[in-house]
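Asks: would you be able to build a 3D model of this:
(chains A and B)
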Protein chains: 2
Amino acid sequence: AADIINLLPPDTAGTVLRRISREDYEDVSELLKFHEESAGGLMAREIVTVRAGKLISDVIAKLRSELDSIEQIHYIYIVDSEGVLLGRIPIINLLVIDPGMKVEEVMDRDILTVTADTDQEEVAAMFSKYDLYSMPVVDENGRLVGRITVDDIIDVIEEEANEDITMMAGTGDEEFYERSPIRLSRARLPWLLTGLFGGMASALIMHHFKGSLESVLTLAFFVPVITAMGGNVGIQSSAIVVREIALGGLSISQTGGKLLREMKVAIINGLVIGTVLLTTVTVWQGSLKLGVLLGLCMFIIIMWATIMGAFIPLMLKKAKIDPALATGPFITTLNDILGIAVYLGIATVFLGWLG
Amino acid sequence: AADIINLLPPDTAGTVLRRISREDYEDVSELLKFHEESAGGLMAREIVTVRAGKLISDVIAKLRSELDSIEQIHYIYIVDSEGVLLGRIPIINLLVIDPGMKVEEVMDRDILTVTADTDQEEVAAMFSKYDLYSMPVVDENGRLVGRITVDDIIDVIEEEANEDITMMAGTGDEEFYERSPIRLSRARLPWLLTGLFGGMASALIMHHFKGSLESVLTLAFFVPVITAMGGNVGIQSSAIVVREIALGGLSISQTGGKLLREMKVAIINGLVIGTVLLTTVTVWQGSLKLGVLLGLCMFIIIMWATIMGAFIPLMLKKAKIDPALATGPFITTLNDILGIAVYLGIATVFLGWLG
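Replies: Numbering: from 1, shown residues only, chains lettered A, B, ... in the order given. Just a heads-up that it's a prediction; the model follows:
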């Protein structure tokens, strides 16, 4: 419920809150304090708790009296007089345990919990890793404040994947099923304008090397090859690193290892693609020198774009910015500009030799 | 269990099967018949079934005797003498229902089921839409054959998102956490070679228009602008359509609507970007004619790339090919080639006018 109210303008939210019952009102008001993308924002408060000292038969009696109001229960939570979580009992066990036993004698004490301020992505990773159905949320003193169920986690996982994909595509947030072309256009245009000004920067660089292009026009023919490969290589590298971060499998301490891995891949790919380009250009243009120049530039650009592709998301993560930003048009645009500069720069140095 | 065995080479699989108990053997052997990415491949067979006619007290007795072997149970399934699924009872209800009642008097009859050959993506969409924890799988005669639980669905959703992202990035399948640079390179190279040959095709087109480029070299400066925008616009459009298909919200019948929506977005974006480019080029190059030419070409390329971006995934879906293929380097490469051809083609026609 908290999610929906957060999306309303402030005055509407007031009206909705007044129209629901007092008890629910307090629930929702407290949830509003948590960040929407935290465990606190995800959790529900409909939870069955029992004080330590009660008997299993008391629990069953309580469930019988409350069952109408509770939809999906997996566990009964046991708390002390302060509300601190002590353990839990799976519902199914209530059917088979001697009703005369005390709850603390049969409860599981070894349970995973999160605090309300835990990021939802981290919570989702725990659900996925440990195959959880439900997880209790506690405050900083260990008091039970709610529970998160797996159906909300599915929404989180889909949302995070959608975020990564829209970032990669450069379409802005929340575009799915949107029907208004104006709103769609407004979401996409900033990314396109970034790309446009990046393209103009590339044009400026080519203008700067006008002299070289006038003397060897053939150099211009290979500009699309340079930009296409820089873009592809950069996206491959950044998408993999971003996804590894998102899936929770990559910590900052592994940064060095990832960069090294990507560098090795870049050397292999650079050698293969560089050699293919060298051969093709040599045969087509009948100039080994032009072939060598292009093969060499391609190798440098593949190395550079791969390393940037891996490095930028890791740095963004360190700066607590969404690393997925690095998979979008930004990195492609950057690689276009730098690729053209490296290519025409090297070509200009060797212009006499090419002649 | 079926998943792991499917990945082993055939003779190893034989060995593993012989080493597990006879009962499990039959279970796994039957699962092997289903496609790994279908409901049959996902489901587990550990399921508590009760014949119609039994009493709630019988069910509780059965649970008490079997509880050790069953980990996560949410429902008791009620079947007839042929094994046909009739209904189910949530475990929690067993605590509160009169033990003397018959199971068919209290069971839910209105339950969602899937058949074993249903695609896992479709199953995941149902779990997500209806907030399910567990869903029964039936054969073509309605006989209960297994159940799918939500923890497996989480894996499916992550897997499908990963597939979409690796396809978009052009990195090939299953790359996450891979350490071998050789294997990584082998996964990425085919996509890069595609991009390389696409780039060479662009070079050929520029070579074809050599005469135009020689007379107005400035035309070459804007090639990176054309390719960057075609690529960005195409990916925006294809990524959105692919994701809408993946999330289960887009059927073939909505194809026309999506194409129309994307066309409207393309008109707005084309007008905005085209006008910005017209103005920038006119000011920078001091030539309104060049500005108009570039603005016009940009408009055409944005229209074309957007429509192709939406159209190709829908066509792939219709041909039962993974639509995500359309988000990868293929569409960018195609847009590069066509964009350059359109741009230099139009420029050549108006060359005299530009002069």
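
Asks: SS state for A:I73?
Replies: coil (DSSP: H, G, I helix; E, B strand; the rest coil).

Asks: hmm, A:I91 and it touching each other?
Replies: Yes. A:I73 lies in contact with A:I91 (C-beta atoms under 8 Å); the separation is 5.9 Å. Where C-beta positions appear, they are placed from N, C-alpha and C, glycine not excepted.

Asks: joint contacts of these two?
Replies: Residues touching both A:I73 and A:I91 (C-beta atoms under 8 Å, 6 or more residues apart in numbering or on different chains) are B:I92.

Asks: need the residues of the stretch 251-355 of chain A near chain B, please.
Replies: A:261, A:264-265, A:267-269, A:272-273, A:276-277, A:280, A:327, A:329, A:332-333, A:336, A:340 (C-beta under 8 Å from any C-beta of the partner chain).

Asks: swap in 10 Å and give it another go.
Replies: Counting by C-beta under 10 Å from any C-beta of the partner chain, the residues of the stretch 251-355 of chain A close to chain B are A:257, A:260-273, A:276-277, A:280-281, A:284-285, A:294, A:298, A:302, A:306, A:309, A:324, A:327-329, A:332-333, A:336-337, A:339-340.

Asks: closest to the centroid, which residue in chain A?
Replies: A:A246 (4.5 Å; C-alpha atoms, centre = their mean).

Asks: that one contacts A:E163, doesn't it?
Replies: Yes. Between A:A246 and A:E163 there is a contact under C-beta atoms under 10 Å: 8.8 Å.

Asks: report the beta-bridge partner residues of the nearest residue to A:G83 once chain neighbours are set aside.
Replies: Nearest residue to A:G83, sequence neighbours excluded (C-beta to C-beta, 6 or more residues apart in numbering or on different chains): A:R143, at 4.2 Å. On the basis of DSSP bridges, A:R143 is bridged to A:V84.

Asks: got a list of what A:R143 touches?
Replies: A:79-80, A:82-85, A:137 (C-beta atoms under 10 Å, 6 or more residues apart in numbering or on different chains).

Asks: quick check, pLDDT for A:Y25.
Replies: The score at A:Y25 is 45. That number is its pLDDT.

Asks: so which residue of the stretch 1-150 of chain A comes closest to chain B?
Replies: Scanning the stretch 1-150 of chain A for proximity to chain B using C-beta to the nearest C-beta identifies A:D131 as nearest, at 3.9 Å.

Asks: from memory that residue sits against B:A44, does it?
Replies: No. The pair A:D131 / B:A44 is not scored as a contact, 11.9 Å apart, by C-beta under 10 Å.

Asks: compare those two (neighbour count), which wins?
Replies: B:A44 (18 against 15; other C-beta atoms under 10 Å in any protein chain shown).

Asks: quick one: that one and B:I148, what's the gap?
Replies: 8 Å (C-beta to C-beta, to the nearest Å).

Asks: buried subset of the residues of the stretch 251-355 of chain A next to chain B as a PyMOL selection?
Replies: Selection of buried members from these for PyMOL, criterion 16 or more other C-beta atoms under 10 Å in any protein chain shown:
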select buried, chain A and resi 261+262+264+265+266+267+268+269+270+272+273+276+277+280+281+284+285+294+298+302+306+309+324+327+328+329+332+333+336+337+339+340
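
Asks: okay, buried residues for the helix or strand encompassing A:K62 please.
Replies: Here A:K62, judged by DSSP states H and E, is contained in helix A:56-66. Using 16+ other C-beta under 10 Å as the test for burial, helix A:56-66 gives A:56, A:59-60, A:63.

Asks: then A:I111 would be within a strand, right?
Replies: No. Read with three-state DSSP, A:I111 is coil and lies in no strand.

Asks: touching, it and A:Y77? I think so.
Replies: Yes. Counting by C-beta under 10 Å, A:I111 does reach A:Y77; the two are 9.1 Å apart.

Asks: so what sits against both of those two?
Replies: A:85-88, A:136.

Asks: tell me how far stretch A:180-191 is from the chain's mean position?
Replies: 22 Å (C-alpha atoms, centre = their mean, to the nearest Å).

Asks: contacts for it, please.
Replies: A:166-167, A:169-175, A:178, A:192, A:196, A:328-330, A:333, B:232-233, B:235-237, B:240, B:260-273, B:276, B:306.
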